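Visitor: Okay, here's the prediction I keep looking at, along with the sequence it came from:
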Amino acid sequence: MQVDDTLILVLGMHRSGTSVITKALEVFGVSLGDRLMPSGADNPKGFFEDIDLQSTNEAFLRSQGYTWDSLQFPSLENTSESDRISYQNSIYEQLLLRNNPEIIRAFKDPRMCRLWPFWVQPLREAGITVRILWVLRDPFAVAESLGKRNQFPTEMALILWRLHNLGILGALNQWPGISVCYEDLIADPRRTIDSMARGLNIFIESAQSVEQFIDYFLDTNLNHAGPVIPEMDEGVASFYLSAVNMLTDFHLTIAEKHTRLDQAPPSELRFLLNIMRAQQDARTARRELLILQAHQDTLLAFNEDLKNNLERKEQELIDIKSYLAEQQK
């Protein structure tokens, strides 16, 4: 197999099955990294995310007053030049540590669905070829899963699903890629893995590795949330019921898919506006808290300097008194 310095970027909304599909890449000999995020109660078999790269993304988000579930996200336009350069330099340094033209690597972090524009320059400068593996899952299954884990209203989860996939469509204008549906992997894992191999132009290391993945990792019980449709606005329900079929329609261009997915029903737009206002207030509060914490750290450091200076002066006074006492003898 001819190998270049390639990164497979696994993009998909949270709770879409990105973890299991990222794990499946190992049957092709793809490296997921040496330091992976520990498993959790909500993902007992593992997240398969490079913990250092993921932490770099999370730290940047928090520094800008955002969280993974913010409806608005930092952009190149609304981020200060100093913050952007600092973040991109961190990305570049992390990428250089991992550069190895002898292997194909993969990185998965759902935040990348919307942070990828910041990664374009560091990836280019590091000489890395990017291929996207777009993971799709029924939006109502994602919404139910987020409802159980995070107590999100269905409408909120659906909006996040839409925004993440809009971000991915933007990334597909930047880099080539393929899509894979989580439900297809659960229903027919061998056929789905074969399809991934053809689409990514990589090769299965052995039939045994596929069977081991299916037997020891792939668990149909991981499909926690089925496509349950709750009572809600008919226009919103209809929009999302047809969304996955629209996004996987090979007759539509990326631009056409983006336009259709961006046309949210009016009732969702009203809900979106209310949530964005609440999140804006929360983001402002977080930024003010960060400023206060920075001032507090400065004051603490200043107080420590004063304390040290006072101790030095007290010692000097003791030394002077000792000297004067010696002179009087």
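Guide: In hand now; what should we look at? The structure displayed is predicted, hence computed values, not measured ones. Numbering: from 1, shown residues only.
Visitor: Now do the contacts for the residue nearest to F152 when sequence neighbours are not counted.
Guide: In this structure, F152 finds its nearest non-sequential neighbour in L146, 4.5 Å apart by C-beta to C-beta, 6 or more residues apart in numbering. Bear in mind the C-beta positions are built from the backbone N, C-alpha and C, glycine included. By C-beta atoms under 8 Å, 6 or more residues apart in numbering, L146 lies in contact with H14, R15, F152, M156, A157, L160.
Visitor: which SS state does N245 fall under?
Guide: With DSSP: H, G, I helix; E, B strand; the rest coil as the basis, N245 sits in helix.
Visitor: what about the residue nearest to F152, distance to D69?
Guide: Distance of L146 to D69, computed by C-beta to C-beta, to the nearest Å: 9 Å.
Visitor: Name the residues contacting each of these two.
Guide: Contacts common to L146 and D69, judged by C-beta under 8 Å, 6+ apart, are F152, M156, L160.
Visitor: among the residues you listed, which are in strands?
Guide: Applying DSSP state E to these, no entry is found in strands.
Visitor: so which of those comes closest to T79?
Guide: Closest approach to T79 among those (C-beta to C-beta): L160, at 20.8 Å.
Visitor: pretty sure the closest one contacts R15?
Guide: No. With contact defined as C-beta atoms under 8 Å, L160 does not reach R15; the gap is 9.7 Å.
Visitor: How about the secondary structure of the residue lying closest to L115 once chain neighbours are set aside?
Guide: Spatially, and ignoring its direct neighbours in sequence, L115 is nearest to N57 (5.8 Å; C-beta to C-beta, 6+ apart). Assigned by three-state DSSP, the conformation of N57 is helix.
Visitor: re the thing from before, mind listing what's buried in the helix or strand hosting the residue nearest to F152?
Guide: Assessed by DSSP states H and E, L146 sits inside helix 139-150. Within helix 139-150, the residues that count as buried by 16 or more other C-beta atoms under 10 Å are P139, F140, A141, V142, A143, E144, S145, L146, G147.
Visitor: So which residue is dead centre in the protein?
Guide: R111 (2.2 Å; C-alpha atoms, centre = their mean).
Visitor: So which of the contacts of L146 is the closest to M37?
Guide: For those, the nearest to M37 is H14 (13.5 Å; C-beta to C-beta).
Visitor: so where do the strands sit in the stretch 151-300 of the chain?
Guide: 177-181 (DSSP state E, counting those that start in this stretch).
Visitor: Could I get the full set of helices for it?
Guide: Counting by DSSP state H, counting those that start in this stretch, the stretch 151-300 of the chain has helices at residues 154-174, 182-187, 189-200, 207-216, 234-241, 243-247, 254-261, 266-328.
Visitor: any chance of the shared contacts of L146 and D69 in TSV, plus distance to Y92 and neighbour count?
Guide: Shown next, in TSV, are those (distance: C-beta to C-beta, whole Å; neighbours: other C-beta atoms under 10 Å):
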residue	distance to Y92	neighbour count
F152	34	20
M156	34	19
L160	29	26
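Visitor: and those as CSV, adding distance to E314?
Guide: Below are the shared contacts of L146 and D69 laid out as CSV (distance: C-beta to C-beta, whole Å):
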residue, distance to E314
F152, 58
M156, 59
L160, 59
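Visitor: Let me have these in a markdown table, adding distance to P101 and pLDDT as columns.
Guide: A markdown table is the format used below for those (distance: C-beta to C-beta, whole Å; pLDDT from 0 to 100):
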| residue | distance to P101 | pLDDT |
| --- | --- | --- |
| F152 | 42 | 88 |
| M156 | 43 | 88 |
| L160 | 36 | 94 |
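Visitor: ok, now which ones touch the residue nearest to R162 when sequence neighbours are not counted?
Guide: Leaving aside its chain neighbours, R162 sits nearest to L261 (6.1 Å; criterion: C-beta to C-beta, 6+ apart). L261 makes contact with R162, N165, L166, L169, A243, M246, L247, according to C-beta under 8 Å, 6+ apart.
Visitor: in stretch 23-37, what counts as buried?
Guide: Those would be 23-33, 36-37, for stretch 23-37 by 16+ other C-beta under 10 Å.
Visitor: low pLDDT regions in this protein?
Guide: Residues of the chain meeting the criterion pLDDT under 70: 1-4, 220-227, 269-303, 306, 310, 313, 316-317, 319-321, 323-329.
Visitor: Identify the residues contacting L252.
Guide: Per C-beta under 8 Å, 6+ apart, neighbours of L252: M246, R260.
Visitor: Please repeat the previous calculation with a cut-off of 7 Å.
Guide: L252 makes contacts with M246, as judged by C-beta atoms under 7 Å, 6 or more residues apart in numbering.
Visitor: phi, psi of it?
Guide: phi -100, psi 140 (degrees, to the nearest 10).
Visitor: Kindly report the same for P230.
Guide: Dihedral pair for P230: phi -80, psi 170, per degrees, to the nearest 10.
Visitor: which residue packs closest to it, ignoring adjacent ones?
Guide: That would be T154: by C-beta to C-beta, 6+ apart, it lies 5.2 Å from P230.
Visitor: For W161, see how far away that neighbour is.
Guide: T154 is 10 Å from W161, by C-beta to C-beta.
Visitor: can you check F47 too?
Guide: On the measure of C-beta to C-beta, F47 and W161 end up 19 Å apart.
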